[in-house]
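Trainee: Dropping the sequence and predicted coords here.
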Amino acid sequence: MFEWISALRSQPSGLDEIMQYFEQMLEDGRHVFDAAANSLLGGTDPAIIKDDLWATDKRINSNERRIRRRLITHAAVHGRTEFPVCLALMSIVKDAERIGDFSKNIFDLSIIEAKIDDAYKNDLVRIKDATSRLLAKSRNVYETQDPDGARAFIAECEEHQAHCEARVRELATAEGTNVAATAITYRYMKRVLAHSMNIITSVVMPLDRLDYYDEDENG
């Protein structure tokens with residue numbers, strides 16, 4: 001997609017505005033994730049951040065709808081030569097929206113005062129910090145369309161996803177009062193990583209292989 005994005009950004013076709021909305025979605029997704037994860041794992045009072053979190057997620061959803069409307073118009077006006085990139089953007093915009101959804105799921109655990117097993121809390125904080133850093137990095141990788149940076153990003157995401165999946169399998173047979181909430185948190189973290197990775201696959205993968213790194217190999 002590098003050639004498409006570079007060419008279309010330079011044209012007075014309206015796609016540059018679409019990309020600005022998308023990049024705002026990435027920024028907002030990280031904000032929602034940080035707020036939600038810090039509420040569950042860092043002790044932030046959910047009541048204090050709830051209104052801001054919901055407002056930010058609402059903006060993510062609004063921008064998704066705005067982008068889709070503009071992409072439909074763009075494809076109709078500019079014809080089939082730009083149709084592939086419109087399809088790709090439709091796909092990754094949905095991934096950006098899902099980052100917000102899974103982050104809200106993490107926040108919901110804090111709302112119900114779910115308890116995380118003490119034996120796993122430090123590990124989850126480590127995954128949280130790594131995920132937050134990757135979400136911040138994703139915008140830069142996408143803006144620059146850097147293939148090497150994208151491959152390094154994907155490799156790190158795969159590593160953290162594999163770790164989360166191993167923890168879920170471990171917790172599936174564990175005993176304890178906080179096992180379920182802990183396993184679910186790992187699962188949600190894994191899904192945030194997966195959707196972020198899907199976005200970056202568009203830098204290095206052809207249209208027909210978008211989402212290649214998602215559920216097929218990581219469960």
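Mentor: That came through fine.

Trainee: does residue 92 really touch residue 198, like I thought?
Mentor: Yes - using CB atoms under 8 Å, residue 92 makes contact with residue 198 at a distance of 6.6 Å. Backbone N, C-alpha and C define where each C-beta goes, glycine included.

Trainee: who touches residue 163 in this structure?
Mentor: With contact set as CB atoms under 8 Å, 6 or more residues apart in numbering, residue 163 has these partners: residue 127.

Trainee: Show me what the lengthiest helix in the chain is packed up against.
Mentor: In the chain, with assignment by DSSP state H, the single longest helix is helix 46-78. When contacts are defined as 3 or more CB pairs under 8 Å, 6 or more residues apart in numbering; DSSP states H and E, helix 46-78 packs onto helix 15-41, helix 83-111.

Trainee: between it and helix 15-41, how big is the angle?
Mentor: Helix 46-78 runs at 160 degrees relative to helix 15-41, counting by axes from the mean of the first three to the mean of the last three CA atoms, to 10 degrees.

Trainee: I'd like to know how many residues surround residue 66.
Mentor: For residue 66, the count of nearby residues is 17 (other CB atoms under 10 Å).

Trainee: which ones are touching it?
Mentor: Residue 66 neighbours (CB under 8 Å, 6+ apart): residue 21.

Trainee: And the pLDDT for it?
Mentor: Residue 66 is assigned 93 on the pLDDT scale.

Trainee: now swap in residue 2 and tell me
Mentor: At residue 2, pLDDT is 49.

Trainee: got it, and residue 177?
Mentor: 81.

Trainee: got it, and residue 195?
Mentor: pLDDT recorded at residue 195 is 94.

Trainee: now this protein, which segments are flagged as low pLDDT?
Mentor: Applying pLDDT under 70 to the chain flags residues 1-14, 78-82, 204-219.

Trainee: Distance check, the residue located most distally from the centre of the chain against residue 35.
Mentor: Going by CA atoms, centre = their mean, the residue of the chain most distant from its centre is residue 175, 30.9 Å out. Relative to residue 35, residue 175 is positioned 32 Å away (CB to CB, to the nearest Å).

Trainee: quick one: stretch 65-80 to chain centroid distance?
Mentor: The gap between where stretch 65-80 is centred and where its chain is centred comes out at 23 Å by CA atoms, centre = their mean, to the nearest Å.
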